[in-house]
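Chemist: quick one: sequence plus predicted model below, questions after.
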Amino acid sequence: MNVFELVNRELRIDKKKFFTLACISGLANAAVLAVINTSAQHVSDKEDTLYYLAIFVVIVAIYVVAQKQLMFAATAHVEQAINNLRLKLVEDIRRSELSTIEKIGKEEIYTIISKELQTMSQASTLFVIVGQASVLIFFTMIYIAWLSLAAFILTIFFVSIGAGLHLLRSREVRGYLKKSFDKENQLVTRLSDLLDGFKEVKLSSKRADDLEKQIFKLSDEVAETKIKTQSIYSSDFVMSQSTFFVLTGSMVFFVPILSSVYPDVVMKVTTTSLFLIGPISNIVSGIPIFANANAAIRNVIELEEKLKSNIPCHQEEAADQLPQNFATITLSKLHFTHADNGNGGDKSFAVGPIDFTIKKGQTIFITGGNGSGKTSFIRLLTGLYPADGGTINVDRRPVNNNNLESYRNLFSAVFSDFHLFQHFYGMGEVDFEEANSWLNYLEMSHKVSIKNQGFSTTRLSTGQRKRLALLATALESRPICIFDEWAADQDPGFRDKFYTEILPRLKARGQTIIAITHDDKYFHLADTHMKMVDGMLLPSNGISKEVITHAG
Ligand SMILES: Nc1ncnc2c1ncn2[C@@H]1O[C@H](COP(=O)(O)OP(=O)(O)OP(=O)(O)O)[C@@H](O)[C@H]1O
């Protein structure tokens with residue numbers, strides 16, 4: 001897909017209007033040339049000169065109006081098409097599954113939405129200049145044909161050579177552009193390593209050296225690919241200029257030999273061919289920008305397809321609502337396997353099959369060793385990972401694609417890799433009193449205040465940010481609250497408060513609590529205590545994995 005096809009796909013262009021404007025402007029442009037050429041022959045006659053001057057002024061006026069409208073409409077169309085595409089991508093991301101986003105990678109998504117759409121935008125004015133230059137060349141060629149058939153054939157011959165040479169190399173250019181996009185993506189990933197891991201990098205000069213070496217290598221590779229692409233463009237440019245000189249030379253040296261023309265015709269044909277230099281240069285210098293924009297479009301479309309192919313098709317808004325006031329959530333033989341663990345051939349990690357019932361208002365603790373599958377289980381339970389098999393029932397209603405969104409809305413969570421939103425998105429008008437009382441209760445009012453439907457700051461320690469994430473969860477007041485190792489970053493005093501006061505307070509509001517925890521001192525406070533062992537959810541009193549599997 002190229003820029004033209006994209007704009008057409010997104011906006012359904014009024015082609016007639018564009019074609020008419022382009023023709024008027026191109027025709028006016030060529031007419032200026034014809035008037036100048038003709039009036040130059042009548043300089044001695046004052047009356048004729050005035051007559052041609054009047055025509056000249058009218059044509060220039062027509063050109064100005066048509067060209068302005070054309071350029072304005074085209075740039076507006078391209079920007080509108082890009083905006084549509086950006087909105088669609090954001091919508092697709094929102095509707096995508098977590099596993100899809102994890103598979104594509106944040107870096108690629110960021111690069112495409114920021115850099116690639118920008119590259120496309122840069123081509124918007126060029127879109128008109130190149131389009132219009134083509135129209136101008138077309139009309140100028142007609143004028144040349146009218147002046148001399150031999151000159152016209154020569155022009156066609158040389159223009160075809162120029163275009164053919166470019167087409168021959170366009171495949172090579174596409175390959176380099178793809179390679180440079182891939183390398184740039186890797187570069188962004190390494191740069192994220194440098195910035196996200198800045199502290200660790202600062203503490204180890206060997207790590208810093210190694211990372212820097214890799215960034216330099218990738219940066220060199222990007223530059224090398226770009227140089228190769230640019231050198232093709234440069235040689236194309238020189239080639240097209242030389243072809244053009246040969247064309248102009250041929251007008252003077254060969255046209256008189258090939259056909260019996262008058263000297264004034266040779267003069268006109270030569271002037272006209274010189275007039276072609278502007279539009280031809282516009283097209284040739286526009287090619288790299290167009291090629292980059294087209295490569296960017298291919299990357300955007302590829303991302304769109306990757307996202308689209310993994311969006312579940314039944315996501316009609318609120319098709320089916322599940323009861324918020326459920327009595328039980330029952331998992332039967334629920335299981336999930338990670339698509340690829342990235343370990344190059346190692347077995348992918350599997351969670352389940354899991355048979356488990358969550359009763360409303362229960363406090364459930366889940367323990368288990370590192371990598372035993374606790375987080376994966378929580379993602380499966382909350383519908384963030386799609387189950388490979390088994391069922392989830394809310395009371396007696398099975399969770400399916402039509403009510404998955406409603407099911408997910410039963411939960412609010414503070415994950416171990418949580419993100420703290422400064423603004424209270426989607427919470428409507430938050431009760432200021434309630435928010436402030438939670439802020440006091442969580443011992444954060446000396447650091448943060450509630451303002452503009454959000455927190456005054458999120459520049460806090462990890463433990464403090466976790467307290468604010470808990471506050472947001474409390475304000476959301478969803479039926480089920482999930483805390484993934486929430487207390488791990490709290491001081492002993494507040495950790496105690498979390499288990500002995502905060503969780504009971506949430507429970508007293510009727511909320512169900514699922515907490516992943518390693519704090520064995522507080523295990524007795526749970527109504528149910530489960531243990532994750534190698535992807536299986538077992539009662540903490542230690543029934544073996546086999547027993548559970550066979551019992552299920
Ligand atoms: N996105 C992923 N893609 C592939 N494999 C994954 C992914 N996330 C986790 N895994 C695999 O799943 C296994 C369980 O990971 P999980 O994060 O669920 O464990 P956990 O019990 O929460 O561990 P921890 O206590 O260390 O947080 C790991 O062995 C890991 O290799």
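Modeler: Happy to help now that I have it.
Chemist: residues from this structure in reach of the ligand?
Modeler: Counting by C-beta under 6 Å from any ligand atom, the chain comes close to the ligand at 102, 338, 341, 349, 368, 370-376, 532. From N, CA and C alone the C-beta is placed, and that goes for glycine too.
Chemist: where exactly do the strands run in the chain?
Modeler: Taking DSSP state E to define them, one finds strands in the chain at 328-337, 350-359, 363-368, 389-394, 397-398, 411-414, 480-484, 512-516, 528-533, 536-539.
Chemist: save those as TSV, and put in mean pLDDT too.
Modeler: Output for the strands of the chain, formatted as TSV (pLDDT from 0 to 100):
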stretch	mean pLDDT
strand 328-337	93
strand 350-359	91
strand 363-368	94
strand 389-394	93
strand 397-398	91
strand 411-414	92
strand 480-484	94
strand 512-516	95
strand 528-533	93
strand 536-539	91
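Chemist: quick one, what contacts Ser99?
Modeler: Listed by C-beta atoms under 8 Å, 6 or more residues apart in numbering, the contact partners of Ser99 are 310, 339, 385-386.
Chemist: out of those, which comes closest to the ligand?
Modeler: The ligand has its nearest neighbour among these in Ala339, at 6.7 Å by C-beta to the nearest ligand atom.
Chemist: surely Leu475 and Trp438 touch.
Modeler: Yes: counting by C-beta atoms under 8 Å, Trp438 is a contact partner of Leu475 at 7.0 Å.
Chemist: of these two, which one has the most company?
Modeler: A count of neighbours by other C-beta atoms under 10 Å puts Trp438 above the other of Leu475 and Trp438, at 23 against 16.
Chemist: pLDDT score for the nearest residue to the more buried one once chain neighbours are set aside?
Modeler: Sequence neighbours aside, Leu471 is the residue nearest to Trp438 in space, at 4.8 Å (criterion: C-beta to C-beta, 6 or more residues apart in numbering). Turning to Leu471, the model gives it a pLDDT of 95.
Chemist: what's the domain layout of the protein?
Modeler: Split into domains by automatic domain parsing, the chain comes to 3-309, 328-551.
Chemist: ranking these by mean pLDDT, which is last?
Modeler: When I compare the domains of the chain, domain 3-309 is least confident, with a mean of 81.
Chemist: reformat the strands of the chain as a markdown table; add mean neighbour count.
Modeler: Below are the strands of the chain laid out as a markdown table (neighbours: other C-beta atoms under 10 Å):
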| stretch | mean neighbour count |
| --- | --- |
| strand 328-337 | 19 |
| strand 350-359 | 20 |
| strand 363-368 | 22 |
| strand 389-394 | 17 |
| strand 397-398 | 13 |
| strand 411-414 | 21 |
| strand 480-484 | 23 |
| strand 512-516 | 23 |
| strand 528-533 | 19 |
| strand 536-539 | 20 |
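Chemist: okay if I get the ones you listed as a markdown table plus distance to Asp45?
Modeler: Formatted as a markdown table, the strands of the chain follow (distance: least, C-beta to C-beta, whole Å):
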| stretch | distance to Asp45 |
| --- | --- |
| strand 328-337 | 90 |
| strand 350-359 | 93 |
| strand 363-368 | 99 |
| strand 389-394 | 93 |
| strand 397-398 | 93 |
| strand 411-414 | 88 |
| strand 480-484 | 91 |
| strand 512-516 | 96 |
| strand 528-533 | 99 |
| strand 536-539 | 100 |
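Chemist: picking that back up, for the contacts of Ser99, which one is nearest Gly197?
Modeler: Of all the contacts of Ser99, Gly197 sits closest to Ala339, with 25.5 Å by C-beta to C-beta.
Chemist: isn't the closest one up against Ser348?
Modeler: Yes: assessed by C-beta under 8 Å, Ala339 is found in contact with Ser348 at 6.8 Å.
Chemist: spatially central residue for this protein, please.
Modeler: The centroid of the chain falls nearest to Ile113 when counting by C-alpha atoms, centre = their mean (3.1 Å).
Chemist: that one against Asp92, yeah?
Modeler: No: using C-beta under 8 Å, Ile113 is not in contact with Asp92; the gap is 10.9 Å.
Chemist: ok, now which ones touch the residue nearest to Trp438?
Modeler: Residues counted as contacts of Leu471 (C-beta under 8 Å, 6+ apart) are 435, 438-439, 442, 444.
Chemist: out of these, the closest to the ligand would be?
Modeler: Nearest to the ligand out of the contacts of Leu471 is Leu442 (C-beta to the nearest ligand atom; 24.0 Å).
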